[in-house]
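1. Quick one, structure for this:
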Amino acid sequence: TPLTAIKGYQQLIGSEYLSEKQKDKLMIAEKHTDDLTLLINHFFEYSYALNAERNLRYEKVEISQLVAECIAGHASMFEDRGISVNFEMDSFAYAHIDKEAGMRVVQNLVKNAAQYSAGDVTGRIHISDVITLIFSNAVNSQIDAEHIFNRFYAGDKMRSKSGGLGLSIVRLLTEQMGGEAYANIDGNILSVFVSFPKYEND
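-> Residues are numbered from 1 along each chain as shown. Predicted coordinates:
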């Protein structure tokens, strides 16, 4: 793709002798290229989730295991930002969802917390007539909880780099599986709630 070609030429330029000023300019160009790559990937993922005729395969899925795998997969992001994650659960939580779509939902929730939290992150699972996954973290800027799942909503400069699509994908996939996604703000603490249908024993 043209973007791949751009990144390739940047790597070639970086392998040559450059002055400090030229290195700084190349670093800026590479940063913007990476931001564009992220944005395009989010657009592609959202478009696919919105338009694909998804053949959901419902099964019994243990949510805490999905969360643990996703947190482990993003451990370096949390470590780089000096953020710790405290995860709590009532007991084993079994949802009746498509495992692949559920994994994408949880990955986006964890990645959102890793990228934009202004402090440590608390995650917990609440079991009632549904399975509710909750991620809470401090935020630096003013966030509108009513619009955080909207396409292209960006409450701060950092979120604008991804087009505000990560949580839109969370809501879209969750609702496709018969669940619900919502958020609220209490002071400077943002809490994101995702409820999945509960697996009922045969």
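
2. ok, Leu38 to Phe44 distance?
-> According to C-beta to C-beta, to the nearest Å, Leu38 stands 11 Å off from Phe44. C-betas here are computed from N, CA, C, even on glycine.

3. An error on my part: the question was meant for Asn137.
-> 27 Å.

4. Who has more neighbours out of those two?
-> Under the neighbour definition other C-beta atoms under 10 Å, Asn137 and Phe44 were set side by side, and Asn137 has more, 22 against 11.

5. Just the helices from this protein, written as ranges.
-> Along the chain, the segments classed as helices by DSSP state H run 2-14, 20-51, 63-73, 75-80, 99-116, 157-160, 166-176.

6. just how off-centre is the third one within its chain?
-> In terms of C-alpha atoms, centre = their mean, to the nearest Å, the centre of helix 63-73 is set 13 Å apart from its chain centre.

7. cool, and the longest one?
-> Per C-alpha atoms, centre = their mean, the displacement of helix 20-51 from the mean C-alpha position of its chain is 16 Å.

8. Run the angle between that helix and helix 99-116 for me.
-> Orientation note: helix 20-51 sits at an angle of 140 degrees relative to helix 99-116 (axes from the mean of the first three to the mean of the last three C-alpha atoms, to 10 degrees).

9. and the direction of helix 20-51 versus that of helix 166-176, what angle?
-> Interaxial angle of helix 20-51 relative to helix 166-176 (the same axes, to 10 degrees): 20 degrees.

10. And for the fifth one?
-> In this structure, helix 99-116 runs at an angle of 150 degrees to helix 166-176, with the same axes, to 10 degrees as the basis.
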